[in-house]
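Trainee: Okay, predicted coordinates and the sequence, questions at the end:
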Amino acid sequence: MRLLNKNILFHVPAAYVWRDLKWFEVSFRCIKCGICCVGTEMELLAEDIERITSAGYRLEDFAVEKDGVYRLRNVDGHCYFYDPASRSCKIYDIRPIGCRIYPLIFDGEKVDVDRTCPTWHTVPRREVERLAPYVVKFLNDAKIAKIKIKLRL
Ligand code: SF4
């Protein structure tokens, strides 16, 4: 992680940082197995919640609040938006930033690739370096999503 990038990022308003959804997608060989949609604890940003509620979904249906952080709700053991029949995400085009940035995770010390993902080894090192500062910022911004949502919705 480049400390310089990280410091610069914290001076950019979140609304601008999270606008380009595609930019936060990790370029690697995702086989769409759906493992990451099972028992999800994915944090949600205020920007995610605004985007998804604008598409007609209700916050109380697709999210749960845990320790002050909104997370995707599980239904029948998988993400509210995961369709087991088609093994696909019902809101793929507007899916949360955290789902795009996965399988990158923060292990408490550093940003790394989650070995739970069967194709974790196909994530290029340059992708970890490109997105590492945003993984940290994502987790920090998720902590203030509840406050931002209360002010906006
Ligand atoms: S676990 Fe990995 S390969 Fe499977 S759907 Fe999620 S990101 Fe893709």
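Mentor: Alright, I've got the coordinates.

Trainee: What is the longest helix along the chain packed up against?
Mentor: As assigned by DSSP state H, the longest helix anywhere in the chain is helix 125-143. Under the contact definition 3 or more C-beta pairs under 8 Å, 6 or more residues apart in numbering; DSSP states H and E, helix 125-143 sits against helix 3-9, helix 14-17, strand 69-72, helix 97-101, strand 104-106, strand 111-113. (C-beta placed from N, C-alpha, C; glycine too.)

Trainee: let's see it at 7 Å
Mentor: helix 3-9, helix 97-101, strand 104-106, strand 111-113 (3 or more C-beta pairs under 7 Å, 6 or more residues apart in numbering; DSSP states H and E).

Trainee: Quick test: name the residue nearest the centre of this protein.
Mentor: Centroid check for the chain by C-alpha atoms, centre = their mean gives residue 98 as the closest residue, at 0.7 Å.

Trainee: List the contacts of the closest residue to that one other than its chain neighbours.
Mentor: Using C-beta to C-beta, 6 or more residues apart in numbering and skipping the chain neighbours, the partner closest in space to residue 98 is residue 42 (4.5 Å). Residues near residue 42 by C-beta atoms under 7 Å, 6 or more residues apart in numbering: 71-72, 96, 98-99.

Trainee: quick one: what helix or strand has the closest residue to residue 122 other than its chain neighbours in it?
Mentor: With sequence-adjacent residues excluded and distances taken as C-beta to C-beta, 6+ apart, residue 122 is closest to residue 29, at 4.0 Å. Element membership of residue 29, judged by DSSP states H and E, is empty: it is in no helix or strand.

Trainee: from what I can see residue 29 touches residue 120, true?
Mentor: No - judged on C-beta atoms under 7 Å, residue 29 makes no contact with residue 120 at a distance of 9.9 Å.

Trainee: Compare the two (neighbour count), which wins?
Mentor: residue 120 (16 against 10; other C-beta atoms under 10 Å).

Trainee: Quick check: that one vs residue 54, distance?
Mentor: 32 Å (C-beta to C-beta, to the nearest Å).

Trainee: Setting aside sequence neighbours, what's the nearest residue to residue 43?
Mentor: Leaving aside its chain neighbours, residue 43 sits nearest to residue 142 (3.7 Å; criterion: C-beta to C-beta, 6+ apart).
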